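Peer 1: Sequence first, predicted coordinates after that:
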Amino acid sequence: MTLRSLRPSRALLTGLVCVMLAGSPALPAFADDKPKAEPEKTADKPADKPDGDSFPALPDDKTIRQSIQLDGKALSYDATVGKIAVRDAKGKVIAEVVYTAYIVPGKDPKRPVTFAFNGGPGASSVYLNMGAIGPKRVQFGDAGDSPSDSSVTTDNPSSWLDMSDLVFIDPVGTGYSRALEESDAAKKDFFATEADIQYLSRVVYDWLVKNGRLRSPKYIMGESYGGYRAPRIANTLQTRMGVGVSGLIMVSPYLDPAAVGSETALSPLPWMINLPSMAAANLEKHGKLTPEAVAEVERYDRTQFVTDFLAGRSDPQAVSRLVSKVSEYTGLDPALVARMDGRIDTGTFLRESHRNERKIGSVYDSNVTAFDPFPEAPSQLSGDPILNALIAPTTSAMVDFVTREVGWKTEAHYEALSYAVNEAWDRGAADDKPVSDLRQAIANDPKMQVLIVHGYNDLSCPFFTSRLVIDQLPTYGGTAKVRLAVYPGGHMFYSRTGSATAFKTDAKALYTR
């Protein structure tokens, strides 16, 4: 999931929410969901100081035996909630990272192990765990979901546990993971793009050593901002940690932040990136979504759209053509599209697509809607429909699993999605890093395979960004190393049964290759 922070930074909590709002001043970046300001510091101790002495110690690792029915067969596994210490250069423990692991007994050195990260920055791994590939799931991210939905988990028919052991890692400040140093030091050591990659790579290494799994095939999976992390962690593991990576799975990745410009940018890229996802949502709404129909939009996007966009007002016929095609593909009122010269931002699309219903669409899946509490307002004033609906069931399901089922008792609050982490994040100047590290990781290891997956309707991390990135990659000797798959649905397309099944089928080919 990826969260976008407020403008002008334009970067979102990309863990669950990878929102690339190309030129979208109309969409509030979760401003209404922000927590209240922290209390002022007292003379005795800062209110925001994550002082390890002031918190009860986190429990020791705890393991229980569970089972699920998968493809008509019972599969037993060990579920562990544990922690890994993060140390500074002098060996002092400065943080504790909590993970959830599902291991099928047998100690087969050839059995793969997959490390999964969500995004944000500020998202825990509960979304991939209990929504996508873990052994148990709770429903969220689809039409009709609400905060009061049941948090009771059920067996996940699309779990990957029959293909790989699974380790879900919560970065510092998410889940139960926490820093044990002053807030200024924690920001430098954990809430910065480069530091994040370094310590999480070490956590993967430490887990492998702790559990005797260095000989196992290793896979890195990341969703949203986790998709930004995945190639960078793989490259770091290869070149600094001494750990090879067999494959990368990037789910709705926040792959190229540099492609997102402002609403006054000369580049057509921000508008190109969004158009196929807007068109897909409109096609789905009318029961006409097919790969062929979306491919037609992509062809237009790469050709006539670009030339007409760049011609601009110097060529009234170009503007007219652009307005006509964008209106046709998005389903929006031609008069509205004409007023915007064919440049439809995400916020406008989400509001106008459902304005007659007095509803708003989600940036994570624009066909998932909620009633607009302020329909008379000129712009959206409420939170995102999917984001608002998923926090309660996912948090309750995860806390119940950890504390009641596993018996890993703690008084800490589980941070499924931390706005505080997102607001503290130092993004630096690393916008080109994921693609650069992806190129290097593949070049380092020609045997490593990459699967990038998206949902058609996702406007937070639109699939067309990944399409363009892949088409610019080197050929690496003529053998395809990166595959893109796009499924019905949005950012969390795996909430739809058919898409989750197709995703597992595509992943299985990666694991058995």
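Peer 2: Thanks, I have it.

Peer 1: from the chain's centre, how far out does stretch 247-260 sit?
Peer 2: Its chain's C-alpha centre and that of stretch 247-260 lie 9 Å apart, by C-alpha atoms, centre = their mean, to the nearest Å.

Peer 1: pLDDT averaged over that stretch - what is it?
Peer 2: In this model, stretch 247-260 has an average pLDDT of 82.

Peer 1: Can you dump the C-alpha atoms of that stretch in CSV for me?
Peer 2: Taking Å, rounded to 0.1, in the frame of the first residue of the first chain, the C-alpha atoms of stretch 247-260 are listed here in CSV:
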residue,chain,number,x,y,z
GLY,A,247,13.1,-13.6,-8.3
LEU,A,248,11.3,-10.4,-7.7
ILE,A,249,7.5,-9.9,-7.5
MET,A,250,6.4,-6.3,-7.7
VAL,A,251,2.8,-5.7,-6.9
SER,A,252,1.2,-2.4,-8.0
PRO,A,253,4.7,-0.9,-7.7
TYR,A,254,5.7,2.7,-7.2
LEU,A,255,8.3,2.2,-9.8
ASP,A,256,9.2,5.5,-11.4
PRO,A,257,8.3,8.6,-9.3
ALA,A,258,10.3,10.8,-11.7
ALA,A,259,7.6,10.1,-14.4
VAL,A,260,5.0,12.1,-12.4
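
Peer 1: Quick one: the strands in the stretch 201-350 of the chain, in order.
Peer 2: Applying DSSP state E, counting those that start in this stretch to the stretch 201-350 of the chain gives strands spanning 218-223, 247-251.

Peer 1: Also the chain?
Peer 2: 62-70, 73-87, 93-103, 113-117, 136-137, 154-155, 165-169, 178-179, 218-223, 247-251, 359-361, 369-371, 449-455, 482-487 (DSSP state E).

Peer 1: Quick one: distance of the second one to the chain centre.
Peer 2: Read it as strand 73-87. The answer for strand 73-87 is 22 Å, by C-alpha atoms, centre = their mean.

Peer 1: what's it packed up against?
Peer 2: Applying 3 or more C-beta pairs under 8 Å, 6 or more residues apart in numbering; DSSP states H and E, one finds that strand 73-87 contacts strand 62-70, strand 93-103, helix 193-210. (Glycine included, C-beta is placed from N, CA and C.)

Peer 1: Go through these and name the closest to Gly477.
Peer 2: helix 193-210 (27.3 Å; C-beta to C-beta).

Peer 1: Would you mind pulling the contact partners of that closest one?
Peer 2: Residues outside helix 193-210 that contact it (C-beta atoms under 8 Å, 6 or more residues apart in numbering) are 84, 86, 95, 97, 99, 101, 113, 115, 117, 121, 167, 169, 171-172, 188-190, 213-214, 216, 218, 220, 229, 232-233, 236-237, 240-243, 425-428, 430, 433.

Peer 1: in the stretch 401-513 of the chain, what spans have low per-residue confidence?
Peer 2: 429-432, 478-479 (pLDDT under 70).

Peer 1: same question, the chain
Peer 2: For the chain, the ranges with pLDDT under 70 are 1-54, 257-265, 429-432, 478-479.

Peer 1: Kindly report the domain assignment for it.
Peer 2: 52-257+393-512, 264-344 (automatic domain parsing).

Peer 1: so which of the ones you listed comes closest to Ser353?
Peer 2: Counting by C-beta to C-beta, Ser353 lies closest to domain 264-344 out of these; the figure is 6.8 Å.

Peer 1: one step back: and the strands of the chain as TSV, adding distance to Thr307?
Peer 2: Output for those, formatted as TSV (distance: least, C-beta to C-beta, whole Å):
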stretch	distance to Thr307
strand 62-70	51
strand 73-87	51
strand 93-103	50
strand 113-117	40
strand 136-137	46
strand 154-155	51
strand 165-169	45
strand 178-179	51
strand 218-223	35
strand 247-251	31
strand 359-361	30
strand 369-371	35
strand 449-455	26
strand 482-487	25
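
Peer 1: Figure out which of these is closest to Val319.
Peer 2: Closest among the strands of the chain, using C-beta to C-beta: strand 359-361, at 26.6 Å.

Peer 1: before we move on, back to that, could you say which of the domains of the chain is packed most deeply?
Peer 2: domain 52-257+393-512 (a mean of 20; mean count of other C-beta atoms under 10 Å).

Peer 1: Now tabulate the domains of the chain in TSV and tack on distance to Ile386.
Peer 2: As requested, these are exported to TSV (distance: least, C-beta to C-beta, whole Å):
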stretch	distance to Ile386
domain 52-257+393-512	6
domain 264-344	14
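
Peer 1: which stretch among those domains comes nearest Ala377?
Peer 2: domain 264-344 (16.9 Å).

Peer 1: give the contact list for the closest residue to Lys218 other than its chain neighbours.
Peer 2: Excluding the flanking residues, the one nearest Lys218 by C-beta to C-beta, 6 or more residues apart in numbering is Val245, at 5.4 Å. Contacts for Val245 (C-beta under 8 Å, 6+ apart) come out as Lys218, Tyr219, Ile220, Ala234, Leu237, Gln238, Ala441, Asp445, Met448.

Peer 1: before we move on, back to that, so which of the strands of the chain is nearest Lys409?
Peer 2: Closest among the strands of the chain, once you apply C-beta to C-beta, is strand 62-70, at 8.8 Å.

Peer 1: which strands and helices sit next to that closest one?
Peer 2: Looks like strand 62-70 contacts strand 73-87, strand 154-155 (3+ C-beta pairs under 8 Å, 6+ apart).

Peer 1: could I get these as CSV with distance to Ala397?
Peer 2: Below are these laid out as CSV (distance: least, C-beta to C-beta, whole Å):
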stretch, distance to Ala397
strand 73-87, 14
strand 154-155, 10
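
Peer 1: Quick check: which of those is nearest to Phe493?
Peer 2: strand 154-155 (19.0 Å).

Peer 1: Need the contact partners of the closest one.
Peer 2: With contact meaning C-beta under 8 Å, 6+ apart, strand 154-155 is reached by Ile68, Gln69, Leu70, Pro135, Lys136, Arg137, Val138.

Peer 1: run the last query once more with 6 Å
Peer 2: Residues outside strand 154-155 that contact it (C-beta atoms under 6 Å, 6 or more residues apart in numbering): Ile68, Gln69.

Peer 1: Can you list the strands that it pairs with?
Peer 2: Within its sheet, strand 154-155 is paired with strand 136-137 (antiparallel), according to DSSP bridges.

Peer 1: residues making contact with the partner strand?
Peer 2: Under the contact criterion C-beta under 6 Å, 6+ apart, strand 136-137 has outside partners Met130, Thr153, Asn156.

Peer 1: how about 10 Å then?
Peer 2: 66, 68, 79, 102, 129-131, 152-159, 397, 401, 405, 494-495, 500 (C-beta atoms under 10 Å, 6 or more residues apart in numbering).

Peer 1: ok, now stretch 503-513?
Peer 2: The set of residues external to stretch 503-513 that reach it, using C-beta under 10 Å, 6+ apart, is 112, 114, 132-133, 156-160, 162-164, 217, 219, 221, 246-249, 251, 447, 449-451, 453, 455, 483, 485, 487, 489, 493-494, 496.
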